[in-house]
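J.: The following comprises the amino acid sequence and a computationally predicted model.
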Amino acid sequence: MVTVRDATFEVMRRCEMTTIFGNPGSTEIPFLTDLPADIRFVLGLHEGTVVGMATGYALARDRPALVNLHTAPGLGNAVNAIANARDCRAPLVIVVGQQDRRALPFEPFLTGRSLERLAGEYPVWTATPLRPQDLPGAIARAYHEAAGAGGPTLVIAPMGDWSQPADELAAGSPAHVVRPRAVAAEDVSALVDLLEAADAPALVVGAGADTPDGWDGVVALAERLGCPVWQEAFGGRAGFPQDHALFAGHLPWMRRRMQEALSGHDLVVAIGTNAFRGYLFDEPVPLVAPGTRVAVLTDVSAEALRSPCDLALVAPVAAACATVAQGVRARERERPAAPPTPPAPAPPGPGEPLRAGHVFAALAQRLPRDVILVEETPSSRTELHRRIPARAPMGFVSGANGALGFGLSGSIGLRLGAPHRPVVAVLGDGASLYTIQAVWSAARYGIGVLLLVMANGGYAVMDALARDHGGSGAWGSFGHIDIAAIATAFGCPSARVQTHEQLLSTLDEVIPTLRGRDQPLLIEVAVAP
């Protein structure tokens, strides 16, 4: 007899989702016991870790990854990471275990109530199959929904369904979905007309342009126009080479400063993002000056629809940029010099602590061009951007919604999904504690990621915000937590660096090994608050 479980494995093989990320519980036993030899299970010790690793894996492979969670407790623990996956544009298929259908009316122990709604609106599609036989088709559809929308999907799987006989007549999903990437000249004519009418256009890029073709398309358009290109504020990925002469920098999130940065441009085009990403509502001023027109080019309709703009074009970003570049006239402008490399700070004097600038300057001199640099260090993010430009697609990755925990787990998934590229994560000590369990998975599965933990012993970014507000925070400092020792306890090799000489010698030893490394390494770097 072909069971629902057998049919689901065939769906997983067809969709190339043969790696399952999970932290199992009793409701997953019928699905996960005695997996076929070609199905790999990657164990995480917390659901935030599990979804974070899967998010990095999906981003690295540019296709949906499969996650298995344990009813309400597992899904509840994972909601923060699911929200981040949605904002990161990470396609995930999340299968959530549930008690047997026959027992649900009696609400036995570990019944999940309203599981479809537990993650709110963050999943792009959810389903509880009406019959056990509909489960394989629901997972197939979830794959296509995740791939099409660029976000997590959710399928609830009652534990008794897996052993039921499959139904070959059950509603399924297409074996293959073709999404044409070509864009015709007439499709982009309205945007071409706006650009042709503008005297001083500018571009603002986001994560939707972060592919090799996306970079090529934006570069072609920017060079054709001879215009500056800004990276959106709090961008989760780089949409343009940041060592290019036309790169203008990272757009400020403060409303007045954003307006000032974009002043002098009569048209601003947001590419692969909405118009425009901010943060705290600091001043009631417009994001752009009066008279500045705004256009949006994105493949996510929600980004376009929440943008107050003169024109929104929903289309494949890379192809649309290339077509627009062919349609606009080349403009003769003096090409600016490439962005200068900031000089490295002087080494600390006797008794002086390391600062973030010392760490980032040392990395900038040593990291290979194709490194995937993962950032989750809020208090020193600006310094990192200033010193380490993204020089290749997927060269910079960060949590996209400010939720901590993705940096550590996501970097492990990125290395697992892109084993040919070096992966380095720069993490705050507080941020690293959200998913510190992930180092166990990295050690268990031989994932050679470098984790640099910037240990300043406090909530530096929160302290700064409190000072800006005119006072001091109620939280104080948490002091030194021996994160290197915690990593060692989880089986992950670790070291602690306190001096400039130790920093340079450690990086000189480790960086050249990253491409072929088959074990993680966590380096805790003591830095000044």
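T.: Thanks, I have it.
J.: Measure how buried residue 301 is and give me the count.
T.: As a burial measure, residue 301 scores 11 neighbours (other CB atoms under 10 Å). Yep, even glycine has a C-beta here, placed from its N, CA and C like the rest.
J.: Mind pulling up the pLDDT for it?
T.: Reported pLDDT at residue 301 in the predicted model: 91.
J.: correct me, but it touches residue 314?
T.: Yes - using CB atoms under 8 Å, residue 301 and residue 314 qualify as a contacting pair, with a distance of 5.1 Å.
J.: Quick check, pLDDT for residue 134.
T.: Confidence at residue 134, expressed as pLDDT, is 96.
J.: list the contacts for it?
T.: By CB atoms under 8 Å, 6 or more residues apart in numbering, the contact set of residue 134 is 170-171.
J.: residue contacts, residue 315?
T.: If a contact means CB under 8 Å, 6+ apart, then residue 315 has 183, 187-188, 297, 299 as its contacts.
J.: same thing but at 6 Å, please
T.: Each residue near residue 315 by CB atoms under 6 Å, 6 or more residues apart in numbering is listed here: residue 183.
J.: Could you measure from it over to residue 187?
T.: 6 Å (CB to CB, to the nearest Å).
J.: Kindly report the same for residue 376.
T.: Counting by CB to CB, the separation of residue 376 from residue 187 is 38 Å.
J.: Give me the more crowded residue out of these two.
T.: residue 376 (29 against 16).
J.: quick one: the more buried one and residue 431 touch, right?
T.: Yes - in this structure residue 376 lies within contact range of residue 431 using CB atoms under 6 Å: 4.5 Å.
J.: Give me the common contacts of those two.
T.: Applying CB under 6 Å, 6+ apart, one finds that residue 376 and residue 431 are jointly contacted by residue 407.
J.: Okay, now stretch 140-159: how far is its last residue from its first?
T.: Across stretch 140-159, the straight-line distance between its terminal residues is 18 Å, by CA to CA, to the nearest Å.
J.: Mind listing residues that contact that stretch?
T.: By CB under 6 Å, 6+ apart, stretch 140-159 touches 11, 15, 27, 30, 64, 82, 85-86, 89, 91-98, 100-101, 115, 123-128, 135, 138-139, 172-173, 177.
J.: now, which of those residues lie within strands?
T.: Assignment to strands by DSSP state E places the following of the contacts of stretch 140-159 there: 92-98, 125-127.
J.: what's the closest of these to residue 484?
T.: Comparing the ones in strands among the contacts of stretch 140-159 against residue 484 with CB to CB picks out residue 92 as the nearest, at 31.3 Å.
J.: Specify the beta-bridge partners of the closest one.
T.: When bridges are assigned using DSSP bridges, the partners listed for residue 92 are residue 65, residue 152.
J.: now residue 372
T.: When assigned by DSSP bridges, residue 372 has beta-bridge partners residue 423.
J.: That one touches residue 422, doesn't it?
T.: No - under the contact definition of CB under 6 Å, residue 372 does not touch residue 422, with a separation of 7.1 Å.
J.: Comparing these two, which residue is more hemmed in?
T.: Using other CB under 10 Å as the criterion, residue 372 and residue 422 rank with residue 372 on top: 26 against 23.
J.: quick one, what contacts that one?
T.: Contacts were defined as CB under 6 Å, 6+ apart; by that measure residue 372 touches 394, 414, 421, 423.
J.: now with 8 Å?
T.: Residues counted as contacts of residue 372 (CB under 8 Å, 6+ apart) are 60, 394-395, 397, 411, 414-415, 418, 421-424.
J.: Kindly report the same for residue 38.
T.: Going by CB under 8 Å, 6+ apart, residue 38 touches 13, 18.
J.: 7 Å - rerun?
T.: For residue 38, the residues meeting the contact criterion (CB atoms under 7 Å, 6 or more residues apart in numbering) are residue 18.
J.: list the contacts for residue 252?
T.: Residues in contact with residue 252, defined by CB under 7 Å, 6+ apart, are 233, 258, 261.
J.: for these, which one is nearest residue 454?
T.: Residue 454 has its nearest neighbour among these in residue 233, at 21.4 Å by CB to CB.
J.: pretty sure the closest one contacts residue 253?
T.: Yes - with contacts defined as CB atoms under 7 Å, residue 233 counts as touching residue 253 at a distance of 3.8 Å.
J.: neighbour count winner among those two?
T.: Set side by side, residue 233 and residue 253 give different neighbour counts by other CB under 10 Å, the larger being at residue 233 (20 against 16).
J.: Look at the more buried one and give its secondary structure.
T.: Each residue gets one of three states, and residue 233 gets coil by DSSP: H, G, I helix; E, B strand; the rest coil.
J.: before we move on, what about residue 204?
T.: Here residue 204 is strand, with the state taken from three-state DSSP.
J.: what's across from it in the sheet?
T.: Beta-bridge pairing of residue 204, defined through DSSP bridges, involves residue 230, residue 270.
J.: show me what contacts it?
T.: Contact criterion CB under 7 Å, 6+ apart gives 230, 232, 251, 268, 270, 276 as the residues in contact with residue 204.
J.: which residues in the stretch 151-300 of the chain form helices?
T.: Counting by DSSP state H, counting those that start in this stretch, one finds helices in the stretch 151-300 of the chain at the ranges 189-197, 212-225, 255-262.
J.: Now the residue nearest the centre of the chain: closest residue in space, sequence neighbours ignored.
T.: Relative to the mean C-alpha position of the chain, the nearest C-alpha, by CA atoms, centre = their mean, is the one of residue 88, at 4.0 Å. By the measure of CB to CB, 6 or more residues apart in numbering, the closest residue to residue 88 outside its immediate chain neighbours is residue 400, 4.4 Å from it.
J.: Report how many residues lie close to the one you found.
T.: Applying the criterion other CB under 10 Å, we find 23 residues in the vicinity of residue 400.
J.: tell me the SS of it?
T.: Per three-state DSSP, the secondary structure class of residue 400 is coil.
J.: And it, how far from residue 129?
T.: Summarising the geometry, the distance separating residue 400 from residue 129, computed by CB to CB, is 30 Å.
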